[in-house]
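Engineer: requesting a structural model of the entry that follows:
(2 chains)
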Amino acid sequence: MATSRLRWLRYGRIALAALSMLMLLAFVCHGVAVGEYWFNAQFGPAAARAWLLLSPAAAGVVLLLLVLTLVFGRVYCSVLCPLGILQDVIGWLTRRRCPAPGNHPRLRYGIAVVTIVLALCGWNLGLRLLDPASRFGGMVATLVAPLHTAIYNRLYPDDMLIVRPLALPTLFILGVLPLLLLTALVLWRRRWFCTTLCPVGTVLGLLAKYTPYPLQLTDACVKCGQCQKICPAGCIDLAEGSLDNERCLRCLKCLDACRFQAVGWGRPAALTANAGTATSQAEVGAPVATADANNVQPAEATGAGDAAAVDAAASSRVDLTRREVLVGAAGLSAMACVGAALLRPGGVLRAGAGAGAIYPPGAGSAARFAALCTGCQLCVRNCRGNVLRALGDGRSGLVHLVFDRGMCEFNCMRCSSICPTGALRPMTKAAKQRCRIGMAQFDPSLCVAVQDGVDCGACAEHCPTGALQMKDDGPGRRIPSLNTDLCIGCGSCEYPCPVRPLRAMRVTPVAIQVQADDPGEYFRRRREQAPLPKPAATGDDGWLL
Amino acid sequence: MDRRNFLKSSVATAAATAVLAELTSTQVHAQEAKAEAGAGDGRAEVVAVRNGSAVAMFRKGIAALGGMTAFVKPGQKVVVKPNIGWDRTPEQAANTNPELVAEIVRQALAAGAAQVQVFDHTCNEWKSCYRNSGIEAAVVAAGGKMLSAHDEKLHYVEKSCPQAISMKTAKIHQAIVDADVFINVPVLKHHGGAKMTAAMKNFLGIFWDRSFMHKNNLPQCIADCALYRRPDLNVVDAYRIVVANGPRGKVAEDIRELRYQLLSRDIVAIDAMATKVIGYELAQVPYIALAANAGLGVADFSRISVTRLEA
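Structural biologist: Numbering: from 1, shown residues only, chains lettered A, B, ... in the order given. Down below sits the predicted model:
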C-alpha cells in the first residue's frame, strides 16, 4: 500500500518538475507568456529584485518560497529550480554510479554569505556566477533557443521568430562551459552544486532544516543502504540513521527505493508512532517531549532526531581545524582574485563599461548595470528590435546594444519590464521613450546625401523622436540635421543608414542614462512659431484636386 | 576530351544560352507590351472620393471603376500591399487604414479570388507593425492571409529589369511574383527623404534591400520599382495623413484628417494627384516625373481625367 503511494508521490514530483522545465523552456525559447510566472518564481532573481527595487511583488515571491520551504523542505530545488531539474536529467541520462556529495558546511555558508553581503552592497557577483535560474537562462538562450528558432522558422515561415546572432564567445561562456562544468559535477558527485555551491540552495536549506515535517529514517530502517545509494544529495547518514533536511533536495527517490517504507515524511512523532517499537541505537537522552532550541524534534524520535540535531549543531558550530582555516583562506583569496580580475577595468565584468557600450534602457549607467546584471539572457531573448547582445563584438561581459540588425524599438519596453533582477529599472512608456541610452553622431564626410547629393533620408525617416530632420541645403539637396536635445540613441538612424562599412550615423555610448527633451513639447512650440501650411482648395466645391 | 565531344558540348552550351536569352527577352518584351498597353492613349483616369469613412469611400470609388469584378476574376491569386511600415496605431496614420484593407480583402474574396494575401516589408519589427497597425486583425477577420516578409532567403526572389536605370536587379517578394492581381493600397504621407509617399513609394515594401535604394538615388529607385510589377489597382488612403515629420509622424499635430481617397489603375497619375491632396508642387516630388518618362503612366494634369465623388 504504502510503497505505491510513496512511488506516486515521487512521480508527482517528477511531473511537476517536468512542467516547470517545459514552461521555462517555452518562455525562454518562444516567449510563451505563462512561462514568465515560472521565471518570476525563481528565488535568486526575485530576492535581488526585492532588495534592489523594494518590489512588494518580488518580496511576496521570496516570502512564499520561504514558507513553502519551511513547510515542505527544499521542494524548490526539485520542482521549481531549472538547474536542479537539469541536473536530475543529466544524472538520469548518464546513470553513472558515483559517490554522493559530502557535507561542506563552511564552503556552503561561505559562498552564501559572500553572495548575500555583496548583493546587499549592490554587487550581484554571486548570483551572476552561481544563481541557478540565471545560469539556466544563459544555457538555454545559447544552446536550445537557436535550435528551436531554426526548426520553428522552417516549419512556420509565415510566423517567424526573430533569428538572433550568436557569437562564439557567447555560446562558449554562457552555454557550453557552464553545461560542461555542471555535467562534470553531476558525474563526479551528483548534485554537489545544489548542496555546496548554490547560494539559493544554502539559504533555503537553513529554513528546511527547521521544517516541522522533516524527511527521516524511521525505526523500520534495516540499514540496507538502498536510500543512501540512491540519494543524489548525500544527505543520508546510515551510521547515524539520520537524514539531513538542510541538504535534502526532496527528490523523493529514497521514499521510492526503500522496500521497508522506513523513510517517512511528516511530523516526527506521528512517524515514530507508526513505526511501532523504537529500537534505539545510540545513547539516547531522557525521552522528554520538549523541543530543542534549534530543532523542533521531540526526543522520542530517538536515533534519527538526535542525530539530526547533532548534525545540525555540528554544521552551524564553528570549530575550525588548521586545515579548514588554510582552505578557507585560500578559497577566499581565490575568490577575491577572481572578483578583482573580473571587475578590473577591461575585465570580463567591466569590459563592456570600459569599451563604452550602449546599455538597455533602465540600466542607469555602465557601472550600475555591470554590478547588477546576473546575465539570465531574458532581455536578450525578448528584444523585439534584435539589438541586444550578450557578449562578443569585442565587448565581452555585459548585455549591450548593437544596431546591425535592427533598432531599439520605440514602443517596446520588454527588456526593462522582463528583467527579473531589477538590473534594468522598470519604466513607464513615456519615460522609456525619452530615456537616452546613447547619442547619435553624424559624420557628414560619409553621408551619401552630403557627398553625392542624393536624396536618402533613411535616418530621418526612421527617427522616432524627430531628432533627425532632413534640412534643405541648396537647390534639390536635403541633408540630415541632428537635434541632440531630442536624441535618445535608439539606433533608428544607425540601423537603416546605407553607408558601409562605416555608417554616417553612429550611436555613441553615454555615461549615464538621462531623459531627453519631450518631442511633443518641442514640436508644439515650433508649430506655434511657424504653423504648417494648409493645402489650398483649388477645385470646385473646395476640392483639393 | 576529343574534338567531337568538345564540339557537341559547345553547341549545346550555345543553344542553352540562346534559349535562356530568348526567354528573358520575351519576358521583358511582354512587360514592355503591357507597359504600353497601360499607358494606352496617354490618358489616365483617377477617381477621387471624399467625406466618408474609408470603407464607404472605397465602395463608392471602386464602383466608379467598374467594381472589384473588373479587377479580380474568380480563382485568381490576389496580393494586397498596404503600408504597414511602422509600429504605430491607426490613429497615428503612419500605416494604411485597417478597415480599408479589410474591405478590399472582402471585396476581392467576394469577386471570387482564390486567396488574398497581405504583407509589407516593414521598417519597425514586423510583428509589432502587423499587430499594432490593426491590419493583421482586420485582414484575418476579413478572410485574408497575412504573409511574413522578413526573411531574405525564404520570402524573396531575385529578378532583373534591364529597363530600370538605377536598380537593375532586385530581390522582390515571392507573393508579388506569383500574384495574378496586385492591389497597391498606400497611405498618403509627408516623407523626410522622398518628400511624399503614396503609391510608388509604397513599392519599397515589396523589395528586400531598402538600403540599396536609399544609397543609389532614391527617387530614381522609386521610379524603377514599379517596372518590376505594375499594380492592377492603386488605392491611396488619405483619410488621415501625416503632413509633417513623415513618414512616421512624431506628434499628434503632424496628422491632419482629410477624409479623401484616390483610386486609379495608373500609378503615376494617382501620385501626381496625391501631390495636390497633400499640397505639394509636382516638381517637389521628383520620382513622379522620372516614372512618367519611363512610360509607367501619366503625370501631366491636363491628360488625367478626375472623377470627383462624395461618399
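Engineer: three-state assignment of the closest residue to chain A within the stretch 151-300 of chain B?
Structural biologist: Relative to chain A, the nearest point of the stretch 151-300 of chain B is residue B:193 (2.2 Å; Cβ to the nearest Cβ). Backbone N, C-alpha and C define where each C-beta goes, glycine included. The local conformation at residue B:193, judged by DSSP: H, G, I helix; E, B strand; the rest coil, is coil.
Engineer: and residue B:183, by the same measure?
Structural biologist: strand.
Engineer: so it is in contact with residue B:104, correct?
Structural biologist: Yes - judged on Cβ atoms under 8 Å, residue B:183 makes contact with residue B:104 at a distance of 6.0 Å.
Engineer: quick one, which of these two is more surrounded?
Structural biologist: residue B:104 (29 against 25; other Cβ atoms under 10 Å in any protein chain shown).
Engineer: isn't that one up against residue B:184?
Structural biologist: No - between residue B:104 and residue B:184 there is no contact under Cβ under 8 Å: 10.4 Å.
Engineer: gap between the residue of the stretch 151-300 of chain B closest to chain A and residue A:469?
Structural biologist: Distance of residue B:193 to residue A:469, computed by Cβ to Cβ, to the nearest Å: 11 Å.
Engineer: overlap in contacts of residue B:104 and residue B:184?
Structural biologist: residue B:235 (Cβ atoms under 8 Å, 6 or more residues apart in numbering or on different chains).
Engineer: domains of chain A?
Structural biologist: A:2-208, A:215-279+A:301-316, A:440-532 (automatic domain parsing).
Engineer: pLDDT of the second one, averaged?
Structural biologist: Along domain A:215-279+A:301-316, the predicted local confidence has a mean pLDDT of 77.
Engineer: do the same with the longest one
Structural biologist: Averaging pLDDT along domain A:2-208 yields 93.
Engineer: so, in contact with chain B or not, that domain?
Structural biologist: Yes - applying Cβ under 8 Å from any Cβ of the partner chain, one finds domain A:2-208 touching chain B at A:153, A:157-160, A:162-163.
Engineer: and these, which of them are buried?
Structural biologist: Among the residues of domain A:2-208 next to chain B, those buried by neighbour count (16 or more other Cβ atoms under 10 Å in any protein chain shown) are A:153, A:160, A:162.
Engineer: so for the second one, what's the nearest residue that isn't a sequence neighbour?
Structural biologist: I take that to be residue A:160. In this structure, residue A:160 finds its nearest non-sequential neighbour in residue A:153, 4.8 Å apart by Cβ to Cβ, 6 or more residues apart in numbering or on different chains.
Engineer: you'd agree the one you found is up against residue A:163?
Structural biologist: Yes - if you go by Cβ under 8 Å, residue A:153 and residue A:163 touch, sitting 6.9 Å apart.
Engineer: name the residues contacting each of residue B:183 and residue B:104.
Structural biologist: In contact with both residue B:183 and residue B:104: B:80, B:235, using Cβ under 8 Å, 6+ apart.
Engineer: what is the burial count for the residue of chain A found nearest chain B?
Structural biologist: Chain B sits closest to residue A:457 of chain A, with a gap of 2.2 Å, by Cβ to the nearest Cβ. Neighbour count for residue A:457, taken as other Cβ under 10 Å: 24.
Engineer: around chain A, pick out the residues from the stretch 101-250 of chain B.
Structural biologist: B:123-125, B:127-128, B:132, B:145-148, B:150-151, B:154-155, B:191-194, B:210-212, B:214-219, B:243-248, B:250.
Engineer: what about residue 221, which helix or strand?
Structural biologist: Using chain A here. Assigned by DSSP states H and E, residue A:221 belongs to no helix or strand.
Engineer: try chain B instead
Structural biologist: helix B:218-228.
Engineer: and for residue A:186?
Structural biologist: Per DSSP H and E: helix A:177-189 holds residue A:186.
Engineer: could I get the contacting residues of residue 128?
Structural biologist: No chain in the question, so chain A it is. By Cβ under 8 Å, 6+ apart, residue A:128 lies in contact with A:134, A:349, A:373-375.
Engineer: try again with chain B
Structural biologist: A:384, A:409, A:411-412, B:87.
Engineer: same check, this time on residue A:197
Structural biologist: A:108, A:111, A:130.
Engineer: how near is it to residue A:130?
Structural biologist: In terms of Cβ to Cβ, residue A:197 sits 6 Å off from residue A:130.
Engineer: now do the shared contacts for these two.
Structural biologist: In contact with both residue A:197 and residue A:130: residue A:111, using Cβ under 8 Å, 6+ apart.
Engineer: still on that earlier bit, the helix holding residue B:221 to strand B:181-185, inter-axis angle?
Structural biologist: Helix B:218-228 runs at 150 degrees relative to strand B:181-185, counting by axes from the mean of the first three to the mean of the last three Cα atoms, to 10 degrees.
Engineer: so, low pLDDT: which residues of chain B?
Structural biologist: Across chain B, the ranges flagged by pLDDT under 70 are B:1-2, B:6-7, B:10-41.
Engineer: contacts only, for residue 72.
Structural biologist: No chain in the question, so chain A it is. By Cβ under 8 Å, 6+ apart, residue A:72 lies in contact with A:211, A:213, A:250.
Engineer: my bad, chain B
Structural biologist: Going by Cβ under 8 Å, 6+ apart, the list of residues near residue B:72 reads B:78, B:107-108, B:111-113, B:181.
Engineer: that one sits in which helix or strand?
Structural biologist: Under the assignment here (DSSP H and E), residue B:72 is part of no helix and no strand.
Engineer: what's the answer for residue A:479, then?
Structural biologist: Per DSSP H and E: residue A:479 is located in strand A:478-482.
Engineer: buried residues in that strand?
Structural biologist: For strand A:478-482, by 16+ other Cβ under 10 Å, it's A:478-480, A:482.
Engineer: pLDDT on that strand, on average?
Structural biologist: Strand A:478-482 comes out at a mean pLDDT of 93.
Engineer: where along the chain do the strands fall?
Structural biologist: You didn't say which chain, so I picked chain A. For chain A, the strands defined by DSSP state E occupy A:215-217, A:236-237, A:242-243, A:263-265, A:388-389, A:400-401, A:435-442, A:468-472, A:478-482, A:505-515.
Engineer: meant chain B actually
Structural biologist: B:44-50, B:77-82, B:115-118, B:145-146, B:156-160, B:169-173, B:181-185, B:187-191, B:195-197, B:233-242, B:255-264, B:304-310.
Engineer: got the contact list for the last one?
Structural biologist: Defining contact as Cβ under 8 Å, 6+ apart, one finds that strand B:304-310 is touched by A:539-540, A:543, A:545, B:43-52, B:60-61, B:64, B:266, B:269, B:272-273, B:298.
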